[in-house]
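*Asks:* here is my input, please return the structure:
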Amino acid sequence: MNNRYSADNGKFEALFQHASMGILVSDDNGEIVIANNFLLQQFGYNTESELQGKSVEILIPKRYHHNHVNYRNQYSVHPKPRAMGIGKELFGKKKDGTEFPVEVSLGHYKNKTGNYTIAFIIDITERKKIEQNVIDQRRELSKTNQKIEELNNSLEKKVELRTSQLRKLMEQIEASRDKLSDALSKEKELSDLKSRFVSMASHEFRTPLSTILSSVSLLAKYTEKEEQDKRDKHILRIKSSVNNLTGLLNEFLSIGKIEDGKIIANFSTFNIKELCEGICTEMQSLVMNGQKINYSHSGAEDVVLDMSLLRNIIFNLLSNAIKFSNKNGKIEVSTIVDKKVTLIIKDNGIGISKDDQKHLFERFFRAKNATNIQGTGLGLHIVEKYVELMKGKLQWSSELGEGTEFKITFKK
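*Replies:* Numbering: from 1, shown residues only. You can find the predicted model right below:
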């Protein structure tokens with residue numbers, strides 16, 4: 001230790017060297033007299049001799065040197081215990097030039113050798129990260145609330161539009177008395193569709209909206225920093241519910257466009273491997289219970305298909321595989337490009353009975369073992385129509401309790 005300063009006794013030395021914060025002592029000239037082990041570790045120095053006799057500005061980013069010298073001189077004139085840089089961001093500079101946020105408190109004392117300033121330095125990097133996380137979460141919550149409002153508005157418009165379309169169809173059927181038999185058949189079909197639509201929509205929309213409402217209410221109660229994990233949990237629930245609502249709306253929009261003949265296949269050349277890798281990565285964030293999506297590709301990568309329709313096909317089949325798979329289940333996705341283009345999606349989930357497979361692609365159909373799992377019964381119907389639009393072939397195999405495999409092939 002420098003001869004200009006020594007600890008009063010062994011107890012002070014132990015307290016100084018084993019303190020859980022950085023401590024340094026400087027003289028009237030701003031030169032470092034002593035520094036404890038914790039401070040050396042904070043700033044990346046190996047020995048105290050590397051700092052002794054150096055200006056304290058060695059520990060401060062160069063852009064702050066001029067102002068700091070002024071502040072230091074002012075403190076020397078009127079020294080008193082206080083926090084340093086109140087209302088300002090303070091940074092320390094390590095030996096390797098790395099900067100990190102700090103909190104500094106100052107003290108002083110005087111003895112026969114002169115006046116000394118004591119600085120207590122705390123690394124607040126983790127605190128800053130937590131504060132930034134809280135700010136980011138608030139922004140994310142604001143965006144989510146806005147998206148919920150937009151989805152609610154969109155939902156009301158779509159339901160109103162579909163109700164209006166159904167009403168017009170009913171009126172047309174009643175007016176077509178010359179084709180009474182066909183009209184009665186269509187009227188019964190529309191009535192069934194309407195009942196199934198209203199029943200399904202009422203259930204499927206209520207669940208995510210209720211989840212969002214309860215999570216938003218609970219979020220408001222978690223205001224402390226240590227409750228971050230609880231906030232994260234409810235934000236994930238909100239995101240998941242918003243994604244469910246978005247998926248439901250997309251399915252309703254798609255089925256309407258298909259029935260109206262407004263969807264056509266627009267073929268273009270694209271990289272099927274990049275497309276599938278991106279979708280699998282995106283869907284991996286939505287898996288549950290330790291599930292994992294494995295993707296493999298063989299053959300050429302460029303294909304000529306409708307990229308948008310293929311994306312929706314993969315998305316629907318992957319969504320079903322996730323929903324109907326077991327805990328820690330693996331979902332295998334593979335693409336093969338040789339004389340033809342082949343897409344295979346396989347899971348080891350609950351499977352589909354032989355009786356239910358007869359109705360697999362009917363609108364609003366739900367298998368008997370899937371009634372307690374969220375869904376509209378439209379996904380596979382949409383998949384079948386999109387495959388037909390691209391003149392592809394759809395095959396599947398499934399066994400109860402052993403999983404399901406879908407295989408789609410297109411001409412190259």
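
*Asks:* residue boundaries of the strands in the stretch 251-400 of the chain?
*Replies:* Assigned by DSSP state E, counting those that start in this stretch, the stretch 251-400 of the chain shows strands spanning 268-271, 292-299, 302-305, 330-337, 340-347, 393-399.

*Asks:* least reliable of those strands by average pLDDT, please.
*Replies:* Lowest mean pLDDT of the strands of the stretch 251-400 of the chain: strand 393-399, a mean of 89.

*Asks:* list the buried residues in that strand.
*Replies:* By 16 or more other C-beta atoms under 10 Å, the buried positions in strand 393-399 come out as 394, 396, 398. Placement of C-beta: from N, CA and C, glycine included.

*Asks:* and stretch 57-71, by the same measure?
*Replies:* 57, 59, 60, 64, 68.

*Asks:* mean confidence (pLDDT) on that stretch, please.
*Replies:* Stretch 57-71 comes out at a mean pLDDT of 87.

*Asks:* dump it to CSV, keeping only the CA atoms.
*Replies:* Taking Å, rounded to 0.1, in the frame of the first residue of the first chain, the C-alpha atoms of stretch 57-71 are listed here in CSV:
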residue,chain,number,x,y,z
GLU,A,57,-9.7,10.1,-15.0
ILE,A,58,-8.0,6.9,-16.1
LEU,A,59,-11.2,5.2,-15.0
ILE,A,60,-13.5,7.6,-16.9
PRO,A,61,-14.3,7.7,-20.6
LYS,A,62,-12.2,10.3,-22.3
ARG,A,63,-15.2,12.4,-23.5
TYR,A,64,-16.0,13.2,-19.8
HIS,A,65,-12.5,14.1,-18.7
HIS,A,66,-12.8,17.9,-19.0
ASN,A,67,-16.0,18.2,-17.1
HIS,A,68,-14.9,15.7,-14.5
VAL,A,69,-11.7,17.7,-13.7
ASN,A,70,-13.9,20.8,-13.0
TYR,A,71,-16.3,18.8,-10.8
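
*Asks:* tell me where the stretch 1-150 of the chain has strands.
*Replies:* Under DSSP E, counting those that start in this stretch, the stretch 1-150 of the chain gives strands at 22-27, 32-35, 82-83, 90-93, 99-111, 114-123.

*Asks:* want to throw these into a markdown table with mean neighbour count, distance to residue 75 and mean pLDDT?
*Replies:* What follows is those, written out as a markdown table (neighbours: other C-beta atoms under 10 Å; distance: least, C-beta to C-beta, whole Å; pLDDT from 0 to 100):
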| stretch | mean neighbour count | distance to residue 75 | mean pLDDT |
| --- | --- | --- | --- |
| strand 22-27 | 21 | 10 | 91 |
| strand 32-35 | 23 | 15 | 92 |
| strand 82-83 | 12 | 9 | 68 |
| strand 90-93 | 18 | 14 | 92 |
| strand 99-111 | 14 | 7 | 89 |
| strand 114-123 | 18 | 7 | 90 |
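
*Asks:* how about these, which one is nearest residue 52?
*Replies:* strand 32-35 (5.9 Å; C-beta to C-beta).

*Asks:* walk me through which strands the closest one pairs with, and which way each runs.
*Replies:* strand 22-27 (antiparallel) (DSSP bridges).

*Asks:* SS state for residue 410?
*Replies:* strand (DSSP: H, G, I helix; E, B strand; the rest coil).

*Asks:* residues in contact with it?
*Replies:* 303, 305, 340, 341, 390, 391, 392, 393 (C-beta atoms under 8 Å, 6 or more residues apart in numbering).

*Asks:* circling back: dump the strands of the stretch 1-150 of the chain to JSON lines, plus distance to residue 73.
*Replies:* Listed next are the strands of the stretch 1-150 of the chain as JSON lines, based on distance: least, C-beta to C-beta, whole Å:
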{"stretch": "strand 22-27", "distance to residue 73": "12"}
{"stretch": "strand 32-35", "distance to residue 73": "16"}
{"stretch": "strand 82-83", "distance to residue 73": "16"}
{"stretch": "strand 90-93", "distance to residue 73": "18"}
{"stretch": "strand 99-111", "distance to residue 73": "13"}
{"stretch": "strand 114-123", "distance to residue 73": "11"}
